[in-house]
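Colleague: Here is a sequence with its predicted model. Questions after.
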Amino acid sequence: MTSAPATSAQAAGIRVLVWGENHHEKTDATTQRLYPDTMHGTIAAGLRRLLPDDAAVGTATLDDPEHGLTEERLAETDVLFWWGHLRHDAVDDAVVERVHRHVLAGMGLVVLHSGHFSKIFIRLMGTTCSLRWRQADDRELVWTVAPTHPIAVGVPHPIVIGSQEMYGEFFDVPAPDELVFVSSFSGGEVFRSGMTFSRGHGRIFYFSPGDQDYPVYHQPEIQRVLANAAGWARQDRPRIVPRLAMHRAGEFDTPREWNGEVLA
């Protein structure tokens, strides 16, 4: 089933950056066969197809200088998509700090599948972000539980994914602002597969379907969810990025007094 192109005014002129770990595409034959244009390239192509013609959709990877997430690139990004799996620890902490500041200032963030264990998602959630999983050929049904939410517009109920890795509860994240999708699996498990959060001025959407061993990101229904998420997460407001280390010791020389005596 092919969804109609996005028409939301919020998506007009949107600037999207799709970040991919790009590890399986270089090392795994199954991923290379399923995603000859890379996973991040496939996600970006779906967004270009569904977002308005004036949308700008680019890609970046772990191997790029500064992981492709320079201060200038983030300043020009309305919504950042994040897919990672095996190399979360290879992401530089300084880059995580930079992305974190931009999310707090209003950049949208869409975290995909095993990105739940990314440094940036764990930092924003403040929890372990752990879950149950099983690598098998499970059928996944993605049920819409918030049909009036902008991310659910034009999405079939349910989305049927014929073969997928199982993600199951308990998923250790804070209570979401909104629960949009819940998945059920042929093994009987359920999972909160589409959730929104807000941190500072930024909007965050976590969406679990999409594994390197299955062609999930080729499905038009999944592409529709991601395009809707881009439009929802985009904020039309000036972004002032805070300097989170402003009050480190040594930046201020404030005398402390006790009974008239200045203490060191």
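Modeller: Done, it's in.

Colleague: give the contact list for the residue lying closest to residue 99 once chain neighbours are set aside.
Modeller: If you skip the residues right next to it in sequence, residue 99 has residue 120 as its closest partner in space, 5.2 Å away by C-beta to C-beta, 6 or more residues apart in numbering. Yep, even glycine has a C-beta here, placed from its N, CA and C like the rest. Shown in contact with residue 120 (C-beta atoms under 8 Å, 6 or more residues apart in numbering): 82, 91, 96, 99-100, 103, 109, 111.

Colleague: Can I take it that residue 236 is in a helix?
Modeller: No: assignment of residue 236 by DSSP: H, G, I helix; E, B strand; the rest coil gives coil, placing it outside any helix.

Colleague: Let me see the contact set for it.
Modeller: By C-beta under 8 Å, 6+ apart, the residues touching residue 236 are residue 10.

Colleague: ok, now residue 240?
Modeller: Contacts were defined as C-beta under 8 Å, 6+ apart; by that measure residue 240 touches residue 105.

Colleague: sec struct for it, please.
Modeller: Assigned with three-state DSSP, residue 240 falls in the coil class.

Colleague: For it, give me phi and psi.
Modeller: Listed backbone geometry of residue 240 is phi -110, psi 110, with angles given as degrees, to the nearest 10.

Colleague: follow-up on the earlier one: doesn't the residue nearest to residue 99 belong to a helix?
Modeller: Yes: with three-state DSSP as the criterion, residue 120 is located in a helix.

Colleague: what's the longest strand in this structure?
Modeller: Criterion DSSP state E: the longest strand present in the chain is strand 132-144.

Colleague: Go through it and flag the buried ones.
Modeller: The neighbour-count criterion (16 or more other C-beta atoms under 10 Å) identifies 133, 138, 140-142, 144 as the buried residues of strand 132-144.

Colleague: That one pairs with which strands, and in what direction?
Modeller: Taking DSSP bridges as the criterion, strand 132-144 forms sheet pairs with strand 159-168 (antiparallel), strand 178-185 (antiparallel).

Colleague: the strands in the stretch 51-200 of the chain, which residues?
Modeller: Counting by DSSP state E, counting those that start in this stretch, one finds strands in the stretch 51-200 of the chain at the ranges 56-61, 79-83, 108-112, 132-144, 159-168, 178-185, 190-199.

Colleague: Would you format these as JSON lines with mean pLDDT included?
Modeller: Written out in JSON lines, the entries for those read as follows (pLDDT from 0 to 100):
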{"stretch": "strand 56-61", "mean pLDDT": "96"}
{"stretch": "strand 79-83", "mean pLDDT": "97"}
{"stretch": "strand 108-112", "mean pLDDT": "98"}
{"stretch": "strand 132-144", "mean pLDDT": "92"}
{"stretch": "strand 159-168", "mean pLDDT": "92"}
{"stretch": "strand 178-185", "mean pLDDT": "97"}
{"stretch": "strand 190-199", "mean pLDDT": "97"}
